[in-house]
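Engineer: model this:
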Amino acid sequence: MIEKILVGVAVALLGWIGRTLMRNRHHLRLLRLLLTPRRRVRVSVAVLLRVQDEDHYVLFGSPTRPGSFGPPGGVVKYHDSERRGLDKLRFDPEGRTRGVMKHDLRGFLPAVMVPGFARWLHRGTGREHSTDCLRRELAEELGEIGRPELTHLSQAVRFSLVRKVIDGPWDVPGEQYRQIRFMEVYDLLCDRPEADELRTALVTLSRAQGDSQVVGATRQDILRGRSGPHLVLPQSAFLVGDRRVREDIQPVR
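Structural biologist: So this is what the prediction gives:
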């Protein structure tokens, strides 16, 4: 009798493991979070744009990290209709002071909910499409760097996926939570005159010595974290590979 019970338990456990692996087959590395199910995890979902001319990458000034530069792009937004689904995942949005950050997919989850959050992201429903996010962020950031005349070009271009990255989970110095970033990197698809014009304009700006809001950086600059007198934000590493090499620079809130 005891042997039959043990066999039944073993079969049930193996079945649960198999179903869990299958459900999370696109994000297997996240399953280690189940070992600390109650720990708090900060998650964010973002897209980055790679604009380059051979070994020269275009970086924009960061309004929340003065003196630092990173690739164009930003955080994906969720739809109002998905609020109930995110509540079920116990997603707690991170409060930010800027109104444009409303509905950003940036907040906190219990570790046990992170694989489910990753599956929801993979389905691609209930949130802003990555290319729509890039167009929105480009329009906003071109205004921030003082180049609103280029905004109309950003709305007419298309993008091609370079890579998807899951950055983390990492411990955050001075904090009690861990951090995971879900990122997608895109190239500007130069199949239209508007795309060629936008790319040429941005590369030209990044090479101009007098522009304080757009700079250029080589691959080595990005890995070192500095381009001349300018700090290069750590997420820039995803323009050239799938791993970050330096810790975050905390934003000025």
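Engineer: who does Ile166 bridge with?
Structural biologist: Judged by DSSP bridges, the bridge partners of Ile166 are Phe182.
Engineer: helices of the stretch 151-253 of the chain, start to end?
Structural biologist: Shown for the stretch 151-253 of the chain, the helices assigned by DSSP state H, counting those that start in this stretch span residues 151-154, 193-207, 219-224.
Engineer: list the residues that contact Gly61.
Structural biologist: Ser68, Phe69, Glu144, Ile145, Ser212, Gln213, Val214, Val215 (Cβ atoms under 8 Å, 6 or more residues apart in numbering). C-beta coordinates here come from the backbone N, C-alpha and C atoms, glycine included.
Engineer: of those, which pair is most distant in space?
Structural biologist: Greatest spatial distance in the contacts of Gly61: Glu144 and Val215, 14.3 Å, computed using Cβ to Cβ.
Engineer: quick one: which of the helices of the stretch 151-253 of the chain is nearest Val45?
Structural biologist: Nearest of those (Cβ to Cβ): helix 151-154, 20.5 Å.
Engineer: which helices and strands sit right next to that closest one?
Structural biologist: In this structure, helix 151-154 packs against helix 130-144, helix 193-207, with contacts taken as 3 or more Cβ pairs under 8 Å, 6 or more residues apart in numbering; DSSP states H and E.
Engineer: which element, helix or strand, includes the closest residue to Gly73 other than its chain neighbours?
Structural biologist: Nearest non-adjacent residue to Gly73, counting by Cβ to Cβ, 6 or more residues apart in numbering: Leu48, 3.9 Å away. Under the criterion of DSSP states H and E, Leu48 resides in strand 40-50.
Engineer: I'd like to check the angle between that strand and helix 130-144, please.
Structural biologist: Put simply, strand 40-50 runs at 80 degrees to helix 130-144, going by axes from the mean of the first three to the mean of the last three Cα atoms, to 10 degrees.
Engineer: possible to save the contacts of Gly61 as CSV with distance to Arg199, pLDDT and neighbour count?
Structural biologist: Below are these laid out as CSV (distance: Cβ to Cβ, whole Å; pLDDT from 0 to 100; neighbours: other Cβ atoms under 10 Å):
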residue, distance to Arg199, pLDDT, neighbour count
Ser68, 23, 90, 19
Phe69, 18, 93, 25
Glu144, 19, 90, 13
Ile145, 15, 89, 18
Ser212, 21, 79, 12
Gln213, 17, 89, 18
Val214, 13, 93, 25
Val215, 16, 92, 23
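Engineer: list just the nearest of those residues to Asp55.
Structural biologist: Val215 (14.3 Å).
Engineer: what sits against that closest one?
Structural biologist: Leu59, Gly61, Phe69, Ser206, Ser227, Gly228, His230.
Engineer: ok, 6 Å please
Structural biologist: Leu59, Phe69, Ser206, Ser227, His230 (Cβ atoms under 6 Å, 6 or more residues apart in numbering).
Engineer: okay, now the unreliable bits of this protein?
Structural biologist: Where the chain drops to pLDDT under 70, the residues are 1-37, 96-100, 210-211, 250, 252-253.
Engineer: that older thread, now the contacts of Gly61 in TSV, with distance to Asp92?
Structural biologist: Formatted as TSV, the contacts of Gly61 follow (distance: Cβ to Cβ, whole Å):
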residue	distance to Asp92
Ser68	27
Phe69	30
Glu144	28
Ile145	32
Ser212	37
Gln213	33
Val214	35
Val215	35
